[in-house]
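A.B. asks: Need coordinates for the following:
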Amino acid sequence: MIKISQVRIFISALLRAKRSEITDAGKNKIIMPFHFSIGDIVVASVFIESVAEAYCDKEVIVLAKKGICKFAEDAVPLSGNVSFEPFDFERYSVEYGYYKSMTARYSDKADMIIAYNSTPVIDIFTASCYARKKMGMQRLFHVKWPMGVVKLLEHAAYTDFYIPDDSTMMLERNMEFLEYLKIPAVNRGFPKLKSMPRFIETEHYVVIAPGASTPVKCWPADHWGDVINYIISRYKVEVHICGSSDEAETEERIISNVTDRTMVKAHCGKLNFTEWCSLIQHADLLVTNDSAPVHIRAAYGKKNLCICGAYEPGVMFPYRMRNIDANVQVPEAIIVDMPCAGCSVRGGRDFSDVPNEECRGTIKQHGCALCVEMIEVAEVRKKIDELMKDSAIS
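C.D. replies: This next block holds a predicted model:
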C-alpha cells in the first residue's frame, strides 16, 4: 500500500523538477546515484573511471549503499577525484524526513548528474536536485511502479536520456552510454579489481558461492552438496564456501550433505571484503549462482562457472563485449532454454505476474525459479571438468 509520505515525496520531486537552480558550489562536481549491488559496481567500475578521467577537473561523487562504499574503497581501483558517499535509497523513497534532509544535502551540489541505470528512486533523486545537466540511461529491469508514473518521472528528471536495446549485455550498454555522452572509455575490456594478497595457505582450492541477492537465483542446497562431493573426490582439493552472514544457514545445509566435511571450509559471514576478493582471486575455480562473486572473479580474469536462470537473457550472461581480446577469460554460464525466458522475475513480490505457472509454484515451494532448479548436477559436473582440464589439479 502506498504511504502518504511516498505521495509527498513524489509530488515534491515533480515540483522541484520544474526549477533548475545551481549554485557556484556545484560547478566542479558530478553526482552519480547508484542504486545497485556489489556485482553491479564491479561491472560499472570502467564506466565510473571513464567519467572521472574525462572530467578530471571535477569531483565525481558516487552515492551508494554503505556496504558498496566500503567494497569500492577496498577493492575497486579508481582515480583520486572519485569518492563514494553512503546513501539509503530505500529510505529515500518512503521516509519524507530522510528524503528532505538528503535532498537538501545534494540538491545544489553538482553541475551534472549521471544516472547509471535509472530506477524510480534514482529518478526521484535526480528530479529533486538542481544541475545543469541530468543524464540518464534507462533501467534494465521491469519495475512494480505504474508505467505512466515511471515515464512521468523520467521526463521530469533528465535533460537527456539514453535508451539501450533490451538485448544488449550490460558491459556493452556501459560502452554505448559512454559513447552517447561522448566520453572515451578508459578500458575496452573487462573491469579490473585490486590484486589481493593470498590469505589461504593451501595452494589449490575451489570456491563455491551458493548465495545471491534473491532466493529466486539460488540453486538448491542439496545440489551444491553433490557438486562439492564430486570436486573433493575427483580433484582432491579443499572446497571453500563464501557468502554473507545471511547465507550461513544455507552453508550449514550444504555441508550436512558433504561426505568428507574436513575438506570443506565455511566462510559465510566471516570475511571482510579484502579477504573475500582474495579467496575468489586465488582459487583454481569458482562455481557460483548469478551473484557478485561471478563478476569479481571475471575482473581477475580467472576461470569461472555461473549457474544462471533464464530470467534476464543477454543482460549479464553470456558475457560479451565488442572488440574484446580473444584471450580474455570470460565466465562460463549454464542456462536452461525456457519458453518463458526474459520474465525478469525478482524477489520481494508475490510472483503473481510470473508467466509460468509451474515456476510460480517452484518459487513458492523451494524459493528458486524453475529455470534454476532444472539445471542438473551432471551438467555442472561436466562443465567443471571442462574448465579444470588444463589446470594444475586436473
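
A.B. asks: any idea how far Y235 lies from I307?
C.D. replies: As judged by CB to CB, to the nearest Å, Y235 and I307 stand 18 Å apart. C-beta: built from backbone N, CA, C; applies to glycine.

A.B. asks: which one of the two has more residues nearby?
C.D. replies: Neighbour count, other CB atoms under 10 Å: between Y235 and I307, I307 has more, with 29 against 20.

A.B. asks: so who does the closest residue to A248 other than its chain neighbours touch?
C.D. replies: Residue nearest to A248 in three dimensions, not counting chain neighbours: C268, with 4.5 Å by CB to CB, 6 or more residues apart in numbering. Counting by CB atoms under 8 Å, 6 or more residues apart in numbering, C268 makes contact with 211, 241-245, 247-248, 250-251.

A.B. asks: would you say C268 is within a helix?
C.D. replies: No - assigned with DSSP: H, G, I helix; E, B strand; the rest coil, C268 falls outside any helix and is coil.

A.B. asks: Just the C-alpha atoms of stretch 248-267, please, in CSV.
C.D. replies: C-alpha atoms of stretch 248-267 as CSV (Å, rounded to 0.1, in the frame of the first residue of the first chain):
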residue,chain,number,x,y,z
ALA,A,248,25.2,-19.2,6.8
GLU,A,249,22.1,-21.3,7.2
THR,A,250,22.3,-22.4,3.6
GLU,A,251,26.0,-23.1,4.1
GLU,A,252,25.2,-25.4,7.0
ARG,A,253,22.6,-27.3,4.9
ILE,A,254,25.1,-27.8,2.1
ILE,A,255,27.9,-29.0,4.5
SER,A,256,25.4,-31.5,6.1
ASN,A,257,25.3,-33.3,2.6
VAL,A,258,29.0,-33.5,2.2
THR,A,259,30.7,-36.8,2.9
ASP,A,260,34.2,-35.6,3.9
ARG,A,261,33.5,-32.4,5.8
THR,A,262,37.1,-32.0,6.8
MET,A,263,37.7,-30.8,3.2
VAL,A,264,35.2,-28.0,3.4
LYS,A,265,35.9,-24.6,4.8
ALA,A,266,33.0,-22.4,5.8
HIS,A,267,33.4,-18.6,5.4
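
A.B. asks: That one: how far from the chain's middle?
C.D. replies: In terms of CA atoms, centre = their mean, to the nearest Å, the centre of stretch 248-267 is set 26 Å apart from its chain centre.

A.B. asks: What of stretch 227-235?
C.D. replies: The answer for stretch 227-235 is 29 Å, by CA atoms, centre = their mean.

A.B. asks: Quick check: buried residues in that stretch?
C.D. replies: 227-232, 235 (16 or more other CB atoms under 10 Å).

A.B. asks: quick one on the thing from earlier: next, give phi and psi for the residue nearest to A248.
C.D. replies: phi -60, psi 120 (degrees, to the nearest 10).

A.B. asks: N229 in helix, strand or coil?
C.D. replies: With three-state DSSP as the basis, N229 sits in helix.

A.B. asks: which ones are touching it?
C.D. replies: 257-260.

A.B. asks: Please repeat the previous calculation with a cut-off of 6 Å.
C.D. replies: By CB atoms under 6 Å, 6 or more residues apart in numbering, N229 lies in contact with 258-259.

A.B. asks: Work out the sheet partners of the host helix or strand of V239 and label each with its direction, please.
C.D. replies: Assigned by DSSP states H and E, V239 belongs to strand 238-241. As defined by DSSP bridges, the strand partners of strand 238-241 come to strand 205-209 (parallel), strand 264-266 (parallel).

A.B. asks: now it: how far from the chain's centre is it?
C.D. replies: Distance, stretch centre to chain centre, for strand 238-241: 23 Å (CA atoms, centre = their mean).

A.B. asks: confidence score at S20?
C.D. replies: Predicted confidence (pLDDT) for S20: 54.

A.B. asks: Was I right to think H35 contacts P120?
C.D. replies: No - counting by CB atoms under 6 Å, no contact exists between H35 and P120, whose distance comes to 9.4 Å.

A.B. asks: The nearest residue to V294 once chain neighbours are set aside: what secondary structure?
C.D. replies: Counting by CB to CB, 6+ apart, the nearest residue to V294 once its immediate chain neighbours are dropped is C306, at 4.6 Å. Following three-state DSSP, the label given to C306 is strand.

A.B. asks: give me every residue that touches C306.
C.D. replies: Counting by CB under 6 Å, 6+ apart, C306 makes contact with 288, 290, 294, 331, 333.

A.B. asks: Of these, which is the nearest to F10?
C.D. replies: Closest approach to F10 among the contacts of C306 (CB to CB): D290, at 32.0 Å.

A.B. asks: And the closest one, how far from Q138?
C.D. replies: Counting by CB to CB - D290 and Q138 are separated by 21 Å.

A.B. asks: and those two? which has more neighbours close in?
C.D. replies: Counted by other CB under 10 Å, D290 and Q138 do not tie: D290 has more neighbours, with 27 against 16.

A.B. asks: Please tell me how far that one sits from M137.
C.D. replies: Look at D290 and M137: by CB to CB, they are 21 Å apart.

A.B. asks: re earlier: between H35 and P120, who's got more neighbours?
C.D. replies: H35 (24 against 21).

A.B. asks: that older thread, any idea which of the strands paired with strand 238-241 is most buried?
C.D. replies: Of all the strands paired with strand 238-241, strand 205-209 has the most neighbours on average by mean count of other CB atoms under 10 Å, namely a mean of 25.

A.B. asks: got a list of contacts for it?
C.D. replies: By CB under 6 Å, 6+ apart, the residues outside strand 205-209 that reach it are 231, 237-243, 279-280, 283-288, 293.

A.B. asks: run the last query once more with 8 Å
C.D. replies: 224, 227-228, 231, 235, 237-243, 254, 279-280, 283-289, 291, 293-294.
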